[in-house]
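Asker: Sequence plus the predicted model coming up.
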Amino acid sequence: MKLPFLAAACLAGSASAQVSFSEIYISHTGTDTLEFIELKGTPGASLAGYMVLIVEGDATGAGTLDRAYNVGAGTIPASGLYVLGTPTVANVNQPLNAQDNFENGTETIYLVNTTNQAAITALIGTNIVTTLPATQIPVLSTIVEAVGFADSGIATTDAIFDSATVFGPDGTNLPAGIWRCGDAPSQWATGFLNFDPLLTTGNTPTPGAANIVCGITPPNSGVAYCFGDGSGTACPCGNASAVGAESGCLNSLGAGGKLVATGNGSLTSDTIVLTGSGMANSSALYFQGTTRTAGGVGAAFGDGLRCASGTVVRLGTTANVAGNSSYPTAGAQSVSVKGLITAPGTRTYQVWYRNATVFCNPETFNVTNGWEIVWAP
């Protein structure tokens, strides 16, 4: 693929806030009547399209979709924290069953955005594994975040899926709960929440309230912008993605390519990983710019919107598997080194991928949303 260099545009605009996990508590002494999952987002933001999914990871049942909670009718409250849990949980916004919503064993918990809620719900109780450790979830949705709770079985028979971040075991058990240090977007704390809810000291759960601050500096991973949902420049063929999906324009698979970054955008300790999802199984070019195209609203480009412009650097080309890929790949240079970033400053990122089916325009390619990182020293 050859990347045309478009004219540079002024840097402006603002990014849409993202929804993420902030705290999860799934097991305690006695009957589990205080379970909850807490989401962090912009107060007043709609949760349309979001679901929380739980996939069994224990032994012979590994890969079964146990739960699929649709939170799409919800709105982030003034606290910025949305809680789904048992009715007895403090500050609960979406009540679940009175007890035992989550199994006390190895499992993978997903926050996804999708227009296929019914298709996902129909799979409850069935095995959704495709090729280990992948499931059907990345095909039916965009994975916003996935975390795995592991007990001692993870060393032998158990499984965590779709490259989820793994927590545990805690001794021979799974962790009772996990929390981000001082709320998202802070990193996950290194310790676990208390197993006994009657304890008043230590790492106790805080549903609907600010998390414990434990001195971990939030990572400088950047922000998303330039979505193909009609909020900026219209997609070339009316192929807009769902509002709130924070992805690019739809491709022939009915999904919008989504780019996110994790890690720390620091020139002295660069741990940034750019991850694309929701794309066709094809080649994908990760590239870097210095400005937001058209002030951040994007410009028509193939079947999508060009979001990253200015001085462009090709970071690397990789192959999408199950619609997903990332940069840097094993053995590749870090983003800052490959991007020739020698001083603090702003850079923009995007993924350009082939979509060989003639779907919209004849060029047969599409792009993800944009991502911006203000690199620190």
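Answerer: Noted; the coordinates are in hand.

Asker: Run through the helices of the stretch 201-350 of the chain in chain order.
Answerer: 335-338 (DSSP state H, counting those that start in this stretch).

Asker: which intervals of it have sub-threshold pLDDT?
Answerer: The stretch 201-350 of the chain contains residues with pLDDT under 70 at 215-219.

Asker: do the same with the stretch 1-150 of the chain
Answerer: 1-18.

Asker: those helices in it, which residues are they?
Answerer: Under DSSP H, counting those that start in this stretch, the stretch 1-150 of the chain gives helices at 117-121, 137-140.

Asker: just those: most buried one?
Answerer: Among the helices of the stretch 1-150 of the chain, helix 137-140 has the highest mean neighbour count (mean count of other Cβ atoms under 10 Å), at a mean of 21. Just so you know, the C-beta spots here come from the backbone N, C-alpha and C atoms, and that holds for glycine as well.

Asker: helices or strands next to that one in the packing?
Answerer: Using 3 or more Cβ pairs under 8 Å, 6 or more residues apart in numbering; DSSP states H and E, the elements in contact with helix 137-140 are helix 117-121.

Asker: End to end on stretch 231-248, go ahead and measure it.
Answerer: 11 Å (Cα to Cα, to the nearest Å).

Asker: To clarify, my last question referred to stretch 98-110.
Answerer: Taking Cα to Cα as the measure, stretch 98-110 stretches 21 Å from start to finish.

Asker: got the buried residues for it?
Answerer: 101, 102, 103, 104, 105, 106, 107, 108, 109, 110 (16 or more other Cβ atoms under 10 Å).

Asker: a markdown table for the residues you listed, including distance to residue 47?
Answerer: Shown next, in a markdown table, are those (distance: Cβ to Cβ, whole Å):
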| residue | distance to residue 47 |
| --- | --- |
| 101 | 18 |
| 102 | 20 |
| 103 | 24 |
| 104 | 27 |
| 105 | 28 |
| 106 | 27 |
| 107 | 22 |
| 108 | 21 |
| 109 | 16 |
| 110 | 15 |
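
Asker: Let me know the closest of those to residue 131.
Answerer: In terms of Cβ to Cβ, no member of the buried residues of stretch 98-110 lies closer to residue 131 than residue 108, at 15.6 Å.

Asker: if we can go back for a sec, can you add distance to residue 205 and give the helices of the stretch 1-150 of the chain back as CSV?
Answerer: Shown next, in CSV, are the helices of the stretch 1-150 of the chain (distance: least, Cβ to Cβ, whole Å):
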stretch, distance to residue 205
helix 117-121, 28
helix 137-140, 27
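
Asker: Give me the spatial nearest neighbour of the residue positioned nearest the centre of the chain, chain neighbours excluded.
Answerer: For the chain, residue 144 is the residue whose C-alpha lies nearest the centre (Cα atoms, centre = their mean; 2.2 Å). In this structure, residue 144 finds its nearest non-sequential neighbour in residue 111, 4.5 Å apart by Cβ to Cβ, 6 or more residues apart in numbering.

Asker: Kindly report the same for residue 281.
Answerer: residue 320 (5.1 Å).

Asker: do residue 173 as well
Answerer: residue 151 (5.5 Å).

Asker: what about that neighbour, how many neighbours?
Answerer: The tally of other residues near residue 151 (other Cβ atoms under 10 Å) stands at 22.

Asker: That one: what's it in contact with?
Answerer: Residue 151 makes contacts with 105, 106, 158, 168, 169, 172, 173, 174, as judged by Cβ atoms under 8 Å, 6 or more residues apart in numbering.

Asker: on that earlier part again, please look at the residue nearest to the centre of the chain and residue 39 and confirm they touch.
Answerer: No: Residue 144 lies out of contact with residue 39 (Cβ atoms under 8 Å); the separation is 9.6 Å.

Asker: now for the buried residues of stretch 98-110, which pair is the farthest apart?
Answerer: 104 and 110 (18.5 Å).

Asker: Could you chop the protein up by domain?
Answerer: 20-179, 223-375 (automatic domain parsing).

Asker: closest one to residue 207 among these?
Answerer: domain 20-179 (4.8 Å).

Asker: Just the endpoints, please. Distance across that closest one?
Answerer: 12 Å.

Asker: Please name the nearest non-neighbouring residue to residue 150.
Answerer: Counting by Cβ to Cβ, 6+ apart, residue 168 is the residue found nearest to residue 150 once chain neighbours are left out, at 4.1 Å.

Asker: Could you do residue 257 as well?
Answerer: residue 368 (3.9 Å).

Asker: How many residues are close by the closest residue to residue 146 other than its chain neighbours?
Answerer: Leaving aside its sequence neighbours, residue 146 sits nearest to residue 164 (Cβ to Cβ, 6+ apart; 3.7 Å). By other Cβ under 10 Å, the residues close to residue 164 number 21.

Asker: For residue 164, list the residues it contacts.
Answerer: 108, 109, 110, 146, 147, 148.
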